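Enquirer: need the 3D shape of this:
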Amino acid sequence: MARYLVTGAAGFIGAALASRLIKEGNQVVTIDNLSTGNISNIPDGVEFIEGDCGNQDVYSNIPNDPYDAIFHIAGQSSGEISFDDPIYDIRTNAESTLLLLKFALKNNCKRFIFASTMSVYGIKPERPVKENEDCHPESFYGIAKLASEHYLRVYEQFGIDTTSLRLFNVYGPGQNMDNLRQGMVSIFLAQMLKDKRIHVKGSADRFRDFIHVDDTVKVKNWFMTNPKVSGIFNVGTGVSRSFNDIAKCVLDYFGKGKIQYIDFPANLEEQYQAYTEAKITKIQEKGYNEKFLSLEDGVKAYLKWLSN
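Expert: Residues are numbered from 1 along each chain as shown. Predicted coordinates:
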């Protein structure tokens with residue numbers, strides 16, 4: 001039985017990861033400030049510490065037991081929202097990483113897995129993006145995540161094995177459907193459930209690499225079973241799909257509804273990526289060969305979960 005520290009287990013991806021680790025018979029401790037997560041999301045059996053990972057004081061409340069790994073999932077996870085309060089974004093996405101690395105070093109934890117983002121790349125040409133490409137983030141969120149990747153690199157000299165997973169567009173059960181500024185799949189579902197109408201900002205011919213949360217958790221778990229694999233990796237399906245494709249999946253499921261196109265906010269135009277797709281050759285060459293859910297199957301599974 002292993003012991004893990006998972007930040008953000010009251011949130012979307014953190015809760016899914018903690019649930020899987022618990023089901024596999026592991027011990028899990030989590031820190032969450034409940035700013036966007038809900039305490040009801042924390043799986044049974046997880047030791048919960050309420051606090052902000054970006055606040056030094058919280059670390060005195062964490063058991064100083066040996067941890068096999070730290071999964072840093074918590075943080076503000078929207079490029080658009082990061083413009084509301086850039087100082088807060090730096091604290092929650094960058095300072096938190098530095099404090100957790102300090103905690104890992106103090107407690108002799110040798111494995112640190114960080115949830116980074118495809119937003120570190122910035123706006124790229126319409127093609128799959130590789131991990132070794134230059135990064136020019138266009139949001140405070142992307143900047144803070146990229147800074148965290150560099151913190152991990154520096155801490156490797158102290159003997160901590162670090163991995164940064166650049167998550168593409170994660171969706172699925174547990175996503176906050178009250179937040180209509182983040183997560184196109186959950187936004188479209190929330191709109192459809194409310195008034196049978198999907199509101200698309202600008203063109204629906206924009207593309208994203210959508211990956212189901214269960215596939216994301218499988219990737220994170222795979223790194224724990226392959227301790228010799230570390231570094232920076234894209235986590236996507238390697239397939240880009242349009243917003244029209246999402247809308248069609250949702251409409252097909254319900255058998256009715258409409259799409260309404262609205263103007264894209266001019267102040268967001270330059271920050272917004274029209275196309276994202278992960279080049280996943282690197283992780284595949286390291287031995288990851290699990291198949292990813294298609295968008296159609298993933299949306300269908302998400303909707304079935306919502307109906308239960």
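Enquirer: distance between the ends of stretch 220-240?
Expert: Length of stretch 220-240, first residue to last, CA to CA, to the nearest Å: 21 Å.
Enquirer: what residues sit buried inside that stretch?
Expert: Across stretch 220-240, burial judged by 16 or more other CB atoms under 10 Å covers 220-224, 230-240. C-betas here are computed from N, CA, C, even on glycine.
Enquirer: swap in stretch 143-154?
Expert: Of all the residues in stretch 143-154, those buried under the rule 16+ other CB under 10 Å are 143-149, 151-152.
Enquirer: between all of these, which two are separated the most?
Expert: Spanning the widest gap among these are I143 and L152, at 15.4 Å by CB to CB.
Enquirer: hang on, the earlier thing: out of the buried residues of stretch 220-240, name the ones that lie in strands.
Expert: Mapping those onto strands (DSSP state E) picks out 231-235.
Enquirer: which parts of the protein are helices?
Expert: Ranges of helices in the chain, per DSSP state H, are 12-23, 79-82, 86-90, 96-106, 140-155, 184-195, 213-225, 243-254, 281-285, 295-307.
Enquirer: comparing those, which comes out most buried?
Expert: helix 12-23 (a mean of 23; mean count of other CB atoms under 10 Å).
Enquirer: that one versus helix 213-225: what angle between them?
Expert: 50 degrees (axes from the mean of the first three to the mean of the last three CA atoms, to 10 degrees).
Enquirer: which strands or helices does helix 12-23 pack on?
Expert: Judged by 3 or more CB pairs under 8 Å, 6 or more residues apart in numbering; DSSP states H and E, the packing partners of helix 12-23 are strand 3-7, strand 27-32, helix 213-225.
Enquirer: below-threshold pLDDT in the stretch 1-150 of the chain: ranges please.
Expert: Regions of the stretch 1-150 of the chain meeting the criterion pLDDT under 70 are absent.
Enquirer: from the middle of its chain, how far away would stretch 219-230 be?
Expert: 17 Å (CA atoms, centre = their mean, to the nearest Å).
Enquirer: and which of the buried residues of stretch 143-154 is nearest I211?
Expert: Using CB to CB, these come closest to I211 at K145, 16.8 Å.
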